[in-house]
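[1] missing the sequence, but the structure's below:
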């Protein structure tokens, strides 16, 4: 029930924001902040109650809530959270709080509708992370899409319409493929079970022909890898990220991309264990292509937000490689990567937003030497660029290290290529730092350094990323029963057919 | 007088073609409406002839329907014509091309 | 005792945190106190622990301390675990002790700088990272320190970030060392796949049982680790970053780019000696790389005119000696050279910094001169350092360590005469360019007016280091002269003993040759730059000599080579694909549907007649189908 409350609080908060905006604009911000904070507290309390309890493999669910919705067609309001969901929920509400905070002064027009959309996007995201009924899952999948479209299309930058449409068409195309797959799975499973059901647990053991399974799996996988995004389906991302308002970029990079990875882990692997193994090699290959290709493109960009967007492509390649390595360690790394990338890239987008607020440009050619006037921001930027290039003692290192070390046992050549991504990440990260903060200060000398509100945002992000780097164990403990449970169904070590190339 | 449905149908066909030619060649909407009326009446004539040929009342029933429809069509049509004339100051169908697809608007996307 | 261990890196870390968070609001005296004080306190604790270690060796010859579990999965775990054994002790002593002296020196050297707090924060962070690197009990934690020093090096090379050249140098250092780091990371993955652990003591015990000597997988591991070491230690072919790294302030060059960080590769190889010993190929590669590097860098040093670049190339060259020693299996000799080198190279850089500051930031040695009598303290301390660098027989620390390496290059198990020949040539070159440096800077006419003279905070560290540059060698004598081997006794608690080949010439011949070669080098420098400079003038006139000089001056053209082979193609590749070739695909889909739209909308032109004709054609078509179809 607590999960349903989370959803309800956000939805109600969004509606109240919209209605309240008619007579008081200040209160709206506080309502939005309160709604997200309340959810953050709820998520923390779940963690507090269940975090320490080691759950055994058979039933990894910490909370399970089910109510009938449309019983005739087997649609139920089924929500459940295991360690993985909980981690993602915590991340959602943490970044959600920050996204409200960083829109505090940035958004001027139609403020009620803005916070309505913001909170509804968060609703959709948190719904996706807890829904266990595929119909409900698809519902939330769409809920997070539409408000995001408005966020980009109304409060975005100059080229916002183009970006919004592109984002919508890409994700919607994937979403429809997923809908077809869900329906196909639903009918096949109900023919076998004799009862209609969209429930995850009912669909889990469905047996079907390999060719059928492959097509259905591809439908799911395409929806998720478009969201992730995987090369060559990544083109919506740079546009959407760079045109969206700061909070939009933060949510896109920090949370929306993670729904893709979450979907693969939660649905694709357990539902189609056999056929997933068949595409594993290709997925890893495309993952590594994404790592290197994204990094090369990031290096070439002159628009700061576009640059950061392409680094996301590169980082999400690691996720793809890690998932399809089918190793426990790599999977731990994937979850860490989802969390730490959310924080570090989110922080970079927030920084870009702050720069844009001060300089009114996103062109890094027109920045430079900003450290002199803004040493605090420079220090924070340094920290997060270092995080994005995977410096140890920051969270991203743990993630990439575990992914790579886990994948190494699975496919040597691909892992070695992925490791080269570390060199490329240094190239683009330092270029960003150099162009923006180092060098000769240009004319705009008297820029204000971080304000208290901005300091609060950056400090919480900094603490989070350093804590995850030095003591990631709580997250890993939460996730490990999930991975162990999955290991049983997917049987991680069955990748004998993969080309395990030993070094001569 | 022997009833020759074939002759009546030929008349109906001539009437129909006349109406059609009117629709195709006239510029003024009112004349086009008149031509449409002629075509309707041609169809009605064909119904009556067919009803007479088979000795059934259905043909005449259909004609009554067509009459009623034509009456309402003319009243609505003339009202539209009035409005069109008020807004565009013309009844030339070659001038009235608002409903065409304007592709150039979308090329920005 | 074990609990004190964590304090050593924690003190500089605390210094870093305080300075980076509040440093901008503190007065300079307090910043200096925190910055230098934290490292000095760490040095005192190290000396205390070291005393204990020497007097009553702990069980297993190491102190260990577990701080907390870092990460743990089903089959992998890494902790924040510290370890102090004999090898670590040597490194920690150098890092904290030399580090403290350099910090004290910096309090005066940097006193006019605006970003005083940022400087000491970065320096403290560096010391902390370096300490973690050498105190780590597992390779992951070591990798943390390894990357951490890379970061600090980046921060400090680019300390004066407003000059684009400095930033470029900082980036270059980070990129090139990162290449090595990546190779090392792959080595770690391979090591983990083979052994299932990255814990150093476990690797040491399990590796000999698990690997066949000379097996391909252990060779790969060793070579990849070596590549990591080559990046950090600026060995060929990853050496090009170090000369440029001189863009940082002089104390930084002294601490990072001479005394400590660049020897991380030496530490890594010594630490993983079991793995290297299992692979003769990797040992030979280490020795060969060391030999080639020491020669190439030595030649480059001869042609430089920037005082710090001369010292930078000499650093590369001296680390080459260390690699050579490790490669031939003379483990303790390599570490001993690290030990003495840290003192005299830090001294040389600090003294050079004093000279540069006094001469209004003049770096070119040919615009210096005549400083012998005007800056006597700097002169005498510089002389002590230069003597050690040139390895003047018997009176300098450098002699004792380098002589060992030269002797083992031939006689140790993996040694051979070729290696010795290169090393002895390197010794000649070293003596020559050191003499050149001394004469040009301190003798002759004064060419630049002296500004501010160094104060006590700068000269006292110089004097301490000068004394150490002379006496540090006395703790380890050649076997045939005096039976005193304190240093090798200490480090051989961890490192294996140096094994000798059968049938090599007696040691005394090597010593005499080495001494003679050194003196010859000094004499050559004396003749060319002091006594008879006309020979030099003749050389300058000859185009062959001039192009050779330019070739050396440019560091054998490695920068140009990399520029052509890597940098330019990379820039080209990224530039042509800036707008993302995959986007064409999506744009193609969009354009296609737009074109189709245009075609179809041609039919919807708003003409009523057109529509009627369309309807008519449709009807006729349907009727036609009915009748004839």
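    In hand now; what should we look at? Everything quoted here is computed from the prediction, not taken from an experiment.
[2] Just give me the longest helix of the chain.
    In the absence of a named chain, chain A is used. In chain A, with assignment by DSSP state H, the single longest helix is helix A:160-193.
[3] wrong one, I was asking about chain C
    helix C:164-195.
[4] Following element in sequence after that helix, please.
    As assigned by DSSP states H and E, the chain's next helix or strand after helix C:164-195 is helix C:200-210.
[5] Next secondary structure element downstream of the one helix or strand residue B:9 maps to?
    If you go by DSSP H and E, residue B:9 is part of helix B:5-25. Of the helices and strands lying after helix B:5-25 in sequence (DSSP H and E), the nearest is helix B:29-54.
[6] and residue 30, how many neighbours does it have?
    If you meant another chain, say so; for now it's chain A. Residue A:30 is flanked by 13 other residues according to other CB atoms under 10 Å in any protein chain shown. Yep, even glycine has a C-beta here, placed from its N, CA and C like the rest.
[7] Correction: the question concerned chain B.
    13.
[8] if I look at it, how far off is residue C:555?
    Residue B:30 is 94 Å from residue C:555, where distance means CB to CB, to the nearest Å.
[9] residue nearest the centroid of chain C?
    Among the residues of chain C, the one closest to the centroid is residue C:262, at 2.3 Å (CA atoms, centre = their mean).
[10] For the closest residue to that residue other than its chain neighbours, give me the pLDDT.
    Computed as CB to CB, 6 or more residues apart in numbering or on different chains, the closest residue to residue C:262 that is not its neighbour in sequence is residue C:233, at 5.3 Å. Per-residue pLDDT puts residue C:233 at 88.
[11] Residue B:96 now?
    80.
[12] same thing with residue C:583?
    pLDDT, residue C:583: 83.
[13] so what's it up against?
    Residue C:583 sits next to residue A:235 when contact means CB atoms under 8 Å, 6 or more residues apart in numbering or on different chains.
[14] Tell me which helix or strand it sits in.
    Residue C:583 is part of helix C:581-603 when elements are defined by DSSP H and E.
[15] Is any residue of the helix or strand that that helix is followed by near chain B?
    Helices and strands here follow DSSP H and E; after helix C:581-603, the next one along the chain is helix C:608-628. Yes: for helix C:608-628 and chain B, the contact criterion (CB under 8 Å from any CB of the partner chain) is met by C:608-609, C:612-613, C:616.
[16] Surely residue A:320 is in contact with residue A:225?
    Yes: Residue A:320 lies in contact with residue A:225 (CB atoms under 8 Å); the separation is 7.3 Å.
[17] Show the backbone phi and psi for residue C:81.
    Here is the backbone geometry of residue C:81 (degrees, to the nearest 10): phi -110, psi 130.
[18] which one of the residues of helix C:608-628 next to chain B has the most neighbours?
    Within the residues of helix C:608-628 next to chain B, residue C:608 tops the neighbour count with 18 neighbours, counted by other CB under 10 Å.
[19] ok, now how distant is that residue from residue B:96?
    Look at residue C:608 and residue B:96: by CB to CB, they are 8 Å apart.
[20] again with residue A:47
    68 Å.
[21] so what's residue C:401 closest to, chain neighbours aside?
    Once flanking residues are discounted, residue C:401 sits nearest to residue C:337: 4.0 Å by CB to CB, 6+ apart.
[22] any idea which helix or strand carries the nearest residue to residue A:190 once chain neighbours are set aside?
    Counting by CB to CB, 6+ apart, residue A:190 lies nearest to residue A:196, which is 4.5 Å off, once chain neighbours are set aside. Secondary structure assigned from DSSP H and E places residue A:196 in neither a helix nor a strand.
[23] and residue A:196, how many neighbours does it have?
    Residue A:196 has 18 neighbours, counted by other CB under 10 Å.
[24] what does residue C:212 give?
    The local packing of residue C:212 (other CB under 10 Å) involves 9 other residues.
[25] Next up, the contacts around it.
    C:218, C:278.
[26] how far does the lengthiest helix in chain B sit from the chain's center?
    Secondary structure of chain B read by DSSP H shows that its longest helix is helix B:58-88. In terms of CA atoms, centre = their mean, to the nearest Å, the centre of helix B:58-88 is found 9 Å from the chain centre.
[27] what does stretch A:304-320 give?
    Centroid separation for stretch A:304-320 versus its chain: 11 Å, with CA atoms, centre = their mean.
[28] do stretch C:272-292 as well
    In terms of CA atoms, centre = their mean, the centre of stretch C:272-292 is found 18 Å from the chain centre.
[29] Around chain B, pick out the residues from chain C.
    Contact residues (CB under 8 Å from any CB) of chain C with chain B: C:590, C:594, C:597-598, C:601, C:604-609, C:612-613, C:616.
[30] Quickly list the domain ranges of the chain.
    With no chain named, the answer covers chain A. Domain assignment for chain A, taken from automatic domain parsing, gives A:1-51+A:61-271, A:279-493.
[31] nope, chain C please
    Using automatic domain parsing, chain C is parsed into the domains C:279-532, C:579-628.
[32] Indicate the residue of the stretch 401-504 of chain A located nearest to chain B.
    Distances between the stretch 401-504 of chain A and chain B by CB to the nearest CB are smallest at residue A:428, namely 30.4 Å.
[33] For residue C:451, give me its contacts.
    Residue C:451 makes contact with C:357-360, according to CB under 8 Å, 6+ apart.
[34] Three-state assignment for it, please.
    For residue C:451, the assignment made with DSSP: H, G, I helix; E, B strand; the rest coil gives coil.
[35] hey, which of the domains of chain C is tucked in deepest?
    Counting by mean count of other CB atoms under 10 Å in any protein chain shown, domain C:279-532 has the highest mean neighbour count of these, with a mean of 21.
[36] quick one, what contacts residue 105?
    Unless you meant another one, I'm taking chain A. Residues near residue A:105 by CB under 8 Å, 6+ apart: A:357, A:453.
[37] Chain C was what I was after
    Per CB under 8 Å, 6+ apart, neighbours of residue C:105: C:251, C:254, C:350, C:353, C:457-458, C:461-462.
[38] circling back to that earlier point, is any residue of the longest helix of chain B near chain C?
    No: counting by CB under 8 Å from any CB, chain C has no neighbours in helix B:58-88; the shortest distance is 12.0 Å.
[39] ok, now which ones touch whichever residue of the stretch 51-200 of chain A sits closest to chain C?
    Residue nearest to chain C within the stretch 51-200 of chain A: residue A:166 (7.5 Å; CB to the nearest CB). Applying CB under 8 Å, 6+ apart, one finds that residue A:166 lies in contact with A:235-236, A:239-240, C:586.
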